[in-house]
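S.K.: Have a look; sequence and predicted model below, questions after that.
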Amino acid sequence: MRLIRSITIPAAALAVALAATGCTGTDTTTSTSPTTAASTTAAAPSTPSAAAASSFPTETASETASASASATPARTASPKAATSSAAAATPSVQETMKAPAGTALAALEELAVKGRAPKTGYDREQFGPAWADTDRNGCDTRNDMLARDLAGETFKPGTHDCVVLTGVLDDPYTATEIHFVRGQDTSNDVQIDHVVSLSDAWQKGAQQLSTSERTAFANDPLNLLAVDGPANAQKSDADAASWLPANKSFRCEFVARQIAVKAEYALWVTSAEKDAMTRVLSDCPEQALPTDATAAQPYSITTRSTHSPAPTPTPTTAAPAPSKTYTPAPMKTYTPAPVPTTQAAEAAGTDPRFSSCAKAKAAGYGPYVVGTDPEYHWYRDGDSDGINCE
């Protein structure tokens, strides 16, 4: 038997040689003895393609070359590298969502977010006397805000245009046109609201303010609005997470004003409050942050309804019964009961002085405001709100 000696060559070289001689792997079969196969395996290169060609001599050269090519796959970029490259080319969400400078949204991002502190120790007196004349213009803050926010206002004579008697308010909270008339039964139709309530401020940082700073906060025009009395009572000390104006077109301005006040006095917001403010401002991302200058002007409100106090009923006199010979009955002359007064009070231009608020109100006088009406000091202020004989 003649043994054919096995020659070990790389698979790729074998394929080239066979092609040059016109031979194919299917025409020539190479057999090897176990001993020769072992030596061939030991001498073969360490690449998978070479090992496959030496161990299986019945494979064709083209198959061996194909195996060699498929044994080394093409190199591709790793998914992690591709993701990193894409991330580098795409701006972050924080960068794309950054609010423009000077907007309420930008200021909101600067406010601290904390939980609500206990209300322990809160009292109205912590914020100074009610409606103090902090700007030293001779008028109390309440009347200053009425004069700012009402249109066509009239003033009580002898008060140097301080005490507002009448005016028209376009209420921002309810979009109602309110005809204000100062009086015992009508003054509360329009109230001055702390946009950030004193109680809410106390629980979100105002405890750390000085008494003078809290007094400034309670009388700051930026934090005050003349509004519908019932709406103000409904709001109470709620924040934006619990209460928003019924007038939806004013909500952006309302929230922006709260943010401006909290930024001015370094107060914080709760996470729920911030979420509520963000939702409102998402409809008006360019809403400007109010300033002291813009706060000096009233808002322009489009009203949808009108409210006026009920007119005071006037007494009627029954007509005399007709007779065959009509003779008008003599007119009765009415002399009102004398109202207690003093020459000093008349000279000072004040209302008559009574022994109690109840008698003053029964005679149609009052209410009186501290710092504005000299009559205020004649009577007791039961609820210490700066107004008596209400």
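M.R.: Right, received. Where do you want to start? Numbers count the residues shown, from 1 in each chain.
S.K.: Sketch out the low-pLDDT regions of the stretch 1-150 of the chain for me.
M.R.: For the stretch 1-150 of the chain, the stretches with pLDDT under 70 are 1-97.
S.K.: Give the next helix or strand downstream of the helix or strand hosting Ile178.
M.R.: According to DSSP states H and E, Ile178 maps onto strand 176-181. Going down the chain from strand 176-181, the next helix or strand is strand 190-194, by DSSP H and E.
S.K.: Outside of that next one itself, which residues are in contact with it?
M.R.: Identification of contacts with strand 190-194 by CB atoms under 8 Å, 6 or more residues apart in numbering yields 131, 141-142, 145-146, 150, 169, 171, 173, 178, 180, 201, 218, 223-229, 232-233, 235. The C-beta positions use only the backbone N, C-alpha and C, and glycine is treated the same way.
S.K.: Show only the entries of these found in helices.
M.R.: 141-142, 145-146, 201, 218, 229, 232-233, 235 (DSSP state H).
S.K.: Taking those, please make a PyMOL selection of just the buried ones.
M.R.: Those of the ones in helices among the contacts of strand 190-194 that count as buried under 16 or more other CB atoms under 10 Å are selected in PyMOL with:
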select buried, resi 141+142+145+146+201+218+229+232+235
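S.K.: Quick one: the ones in helices among the contacts of strand 190-194 as TSV, columns for distance to Gln297 too.
M.R.: Output for the ones in helices among the contacts of strand 190-194, formatted as TSV (distance: CB to CB, whole Å):
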residue	distance to Gln297
Thr141	17
Arg142	18
Met145	12
Leu146	15
Ala201	24
Ala218	21
Gly229	23
Asn232	21
Ala233	26
Lys235	22
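S.K.: residue ranges for the strands of the stretch 201-350 of the chain, please.
M.R.: 224-228, 305-307 (DSSP state E, counting those that start in this stretch).
S.K.: Turn these into TSV, including distance to Gln191 and mean pLDDT.
M.R.: As requested, the strands of the stretch 201-350 of the chain are exported to TSV (distance: least, CB to CB, whole Å; pLDDT from 0 to 100):
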stretch	distance to Gln191	mean pLDDT
strand 224-228	6	98
strand 305-307	14	94
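S.K.: Quickly compare those and say which is most buried.
M.R.: strand 224-228 (a mean of 25; mean count of other CB atoms under 10 Å).
S.K.: strand partners of it, parallel vs antiparallel please.
M.R.: Paired strands of strand 224-228, with direction, are strand 190-194 (antiparallel) (DSSP bridges).
S.K.: quick check: mean pLDDT across the strand it pairs with?
M.R.: For strand 190-194, the mean per-residue pLDDT is 98.
S.K.: relative to strand 176-181, how tilted is that strand?
M.R.: Per axes from the mean of the first three to the mean of the last three CA atoms, to 10 degrees, the angle that strand 190-194 makes with strand 176-181 is 110 degrees.
S.K.: From Val113, how far off is the residue lying closest to Ser197 once chain neighbours are set aside?
M.R.: Using CB to CB, 6 or more residues apart in numbering and skipping the chain neighbours, the partner closest in space to Ser197 is Asp237 (3.9 Å). Computed as CB to CB, to the nearest Å, the Asp237 to Val113 distance reads 19 Å.
S.K.: of those two, who's got more company?
M.R.: Neighbour comparison, Asp237 and Val113: the larger count goes to Asp237, with 17 against 14 (by other CB atoms under 10 Å).
S.K.: give the contact list for the more buried one.
M.R.: 197-200.
S.K.: Rebuild these as a markdown table, extending it with secondary structure.
M.R.: As requested, the contacts of Asp237 are exported to a markdown table (DSSP: H, G, I helix; E, B strand; the rest coil):
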| residue | secondary structure |
| --- | --- |
| Ser197 | coil |
| Leu198 | helix |
| Ser199 | helix |
| Asp200 | helix |
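S.K.: circling back to that earlier point, between all of the ones in helices among the contacts of strand 190-194, which two are at the greatest distance?
M.R.: Among the ones in helices among the contacts of strand 190-194, the pair separated by the greatest distance (CB to CB) is Leu146 and Ala201, at 22.6 Å.
S.K.: Quick check on the residue nearest to Ser197: phi, psi?
M.R.: phi -110, psi 20 (degrees, to the nearest 10).
S.K.: Check what pLDDT it gets.
M.R.: In this model, Asp237 carries a pLDDT of 96.
S.K.: same check, this time on the one 4 residues further on
M.R.: Residue-level confidence at Ala241 comes out at 98, pLDDT.
S.K.: List phi and psi for it.
M.R.: Dihedral pair for Ala241: phi -70, psi -20, per degrees, to the nearest 10.
S.K.: for Val113, what are its contacts?
M.R.: Taking CB under 8 Å, 6+ apart as the test, what Val113 contacts is 268-271, 274.
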